[in-house]
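>>> The following comprises the amino acid sequence and a computationally predicted model.
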Amino acid sequence: MAYLVELTEPRVVGLREYPTPEPGVGEVRVQTMYSGISAGTELTIYRGTNPYLDKQWDPRTALFLPGSRFLSGSSTFSYPVDAWGYSEVGEVDAIGDDVSGLQVGDVVWGIWGHRSHAVLPESKLIGHTLPTNLDPLVATFDRVGAVALNAVLASGVCTGESVAVFGLGVIGLLTTQLLISQAAEVLAVDTVPYRLELAAKFGATPFSTNEGDLALAVREHTGGRGADRVIELTGAYPALHQAIRLAGVGGTVIAAGFYQGPATALALGEEFHHNQVTLISSQIANVPPALRNRWSRDRLHETVMRLCAGKRLDPMPLVSRVIPATQAAEAYRLLDSPPAELMQVILSFEPTQ
């Protein structure tokens, strides 16, 4: 039997068995090795704060419509939510007829959720064979890396500009690495000393939000200009307000966090209005509008893995815990109230663990 991780109600995690699937024509079966947990979007499902639980996202109108988490089909998601997942890596252990590009034993990466076995079309995995020089754990950063890359692309950063990265979680530190590789001056902002130290090791200038007026400190550091661009990744409205204050006159703020509830902490009549700050939304479902003729979500993911293979992006320092998937409840509890030095938590489906 195979098994998957499911969220049965807010802050309740379970395991559910299902028959081990068999691949059909043009399909392969993958036995999962590792699966990464998103400490942002996925935790909103765990905590019960995600708008998809109470509303229906209508792709035709691109609007949220009324719904209910307690009525299946009414909201986009309803409990139990199974095998959410974010990025997975596994080994092909069976192939169907008419499969020619993959073979048993290949290690592949993709998105198929927190489940021990998945049957996928071969076409979905073409070009997703893990480079032999990469630790399989790296592939669990594929989607969070794509979120970071998407935000960097949305920012339109130019070489030599000052870019503040607000929030140094996993995505923030991957964003920091990407920006430094483009010769930007990165101002890394957080409250946690450990995260600030990591950012400094990657080449950023750390700024603690616990020390005085952050916007004044950034003005002083940049000769009065303020940050050219700010990438806000915390998903907290007070942080978004401070990110707007960090931007210089005519600056740009990329809102790349997943914000929950009403925005009572925003004071848009202050710096946003007077300094003509541009506010741009970045979300992994789409690439920036100006780039859609050449970029796609697939290209985002493939680029992240290519950068990792070329040692231009290194997520391994961000691996904090690898926890057996059978103990997934512990993993979610840990992320829900994280210790200061916790970064990426990964579920292991390896049978030896």
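All right, it came through fine. Numbers count the residues shown, from 1 in each chain.

>>> Show me which positions of the one helix or strand Ile254 maps to end up buried.
Element membership for Ile254 (DSSP states H and E) is strand 247-255. Buried residues in strand 247-255, counted by 16 or more other Cβ atoms under 10 Å: Ala247, Gly248, Gly251, Thr252, Val253, Ile254, Ala255. C-betas here are computed from N, CA, C, even on glycine.

>>> can you count the residues close to the nearest residue to Ala118 once chain neighbours are set aside?
Take Ala118 and drop its neighbours on the chain: the residue closest to it by Cβ to Cβ, 6 or more residues apart in numbering is Trp112, 3.9 Å away. Residues contacting Trp112 under the criterion other Cβ atoms under 10 Å number 21.

>>> Not counting sequence-adjacent ones, nearest residue to Val138?
Leaving out its chain neighbours, the residue that sits closest to Val138 by Cβ to Cβ, 6+ apart is Cys308, at 5.2 Å.

>>> Let me see the contact set for Gly172.
Gly172 sits next to Ala148, Val165, Phe166, Ala188, Asp190, Arg195, Ala199, Ile231, Leu233 when contact means Cβ atoms under 8 Å, 6 or more residues apart in numbering.

>>> returning to that earlier point: between the buried residues of strand 247-255, which sits nearest Ile171?
Distance to Ile171, by Cβ to Cβ, is smallest for Ile254 among the buried residues of strand 247-255, at 11.8 Å.

>>> can you pull the contacts of the closest one?
Residues near Ile254 by Cβ under 8 Å, 6+ apart: Ala151, Ala154, Ser155, Arg229, Val230, Ile231, Glu232, Ile280, Ser281, Ser282.

>>> hang on, the earlier thing: which residues sit in contact with the residue nearest to Val138?
Contacts of Cys308 (Cβ under 8 Å, 6+ apart): Leu134, Val138, Phe141, Gly145, Asp314, Pro315.

>>> Just the buried subset of those residues, please.
Counted by 16+ other Cβ under 10 Å, those give Leu134, Val138, Phe141, Gly145, Pro315 as buried.

>>> State the next helix or strand along the chain beyond the regular element (helix or strand) spanning Ala328.
Per DSSP H and E: Ala328 is located in helix 328-336. Toward the C-terminal end, the helix or strand that comes next after helix 328-336 (DSSP H and E) is strand 344-348.

>>> Val147: neighbour count?
There are 26 residues near Val147, going by other Cβ under 10 Å.
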